[in-house]
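In: no letters, just coordinates:
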């Protein structure tokens, strides 16, 4: 996934296009979660999935969404 505004996105899937749109509107980007936390928390069954879920449904109940993340983190202990 390219972060540059001049990147060719013509072959992106709809999901990738949405991610590029969100990233393009960002003032700053930091991508260190997979380096700075436990792999089982950051990975596809963890935060990657939670982030995809939020992008797919950003109007969902935020308290419930955040509680789901907290519950997942607690289950890793």
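Out: Right, received. Where do you want to start? Because the structure is predicted, anything quoted here is derived from the model rather than measured.

In: ok, now which ones touch residue 65?
Out: Neighbouring residues of residue 65 by C-beta atoms under 8 Å, 6 or more residues apart in numbering: 50, 53-54. Bear in mind the C-beta positions are built from the backbone N, C-alpha and C, glycine included.

In: actually residue 54, sorry about that
Out: By C-beta under 8 Å, 6+ apart, the neighbours of residue 54 are 60, 65.

In: roughly how far apart are it and residue 4?
Out: 23 Å (C-beta to C-beta, to the nearest Å).

In: which helix or which strand is home to the residue most central in space within the chain?
Out: By C-alpha atoms, centre = their mean, the chain has its centre lying nearest to residue 51, at 3.1 Å. Counting by DSSP states H and E, the element that carries residue 51 is helix 47-56.

In: angle of the helix or strand immediately after that helix in the chain against helix 47-56?
Out: The first helix or strand that comes after helix 47-56 along the chain, using DSSP H and E, is helix 62-75. Angle, helix 62-75 to helix 47-56, by axes from the mean of the first three to the mean of the last three C-alpha atoms, to 10 degrees: 170 degrees.

In: quick one: buried residues of helix 62-75?
Out: Neighbour counts over helix 62-75 (16 or more other C-beta atoms under 10 Å) mark 69, 72 as buried.

In: from the chain's centroid, how far away is that helix?
Out: In this view, helix 62-75 has its centroid 15 Å away from the chain centroid, taken as C-alpha atoms, centre = their mean, to the nearest Å.

In: tell me which helix or strand of this protein sits lowest on mean pLDDT?
Out: helix 33-36 (a mean of 80; mean pLDDT, DSSP states H and E).

In: what's the helix or strand immediately after it in the chain in contact with?
Out: Next in sequence after helix 33-36, counting helices and strands by DSSP H and E, comes helix 39-42. Here helix 39-42 makes contact (C-beta under 8 Å, 6+ apart) with 33-34, 46-48, 72-73, 76.

In: of the residues you listed, select the buried ones using a PyMOL command.
Out: In PyMOL, a selection of the buried entries from the contacts of helix 39-42 looks like this (16+ other C-beta under 10 Å):
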select buried, resi 46+47+72
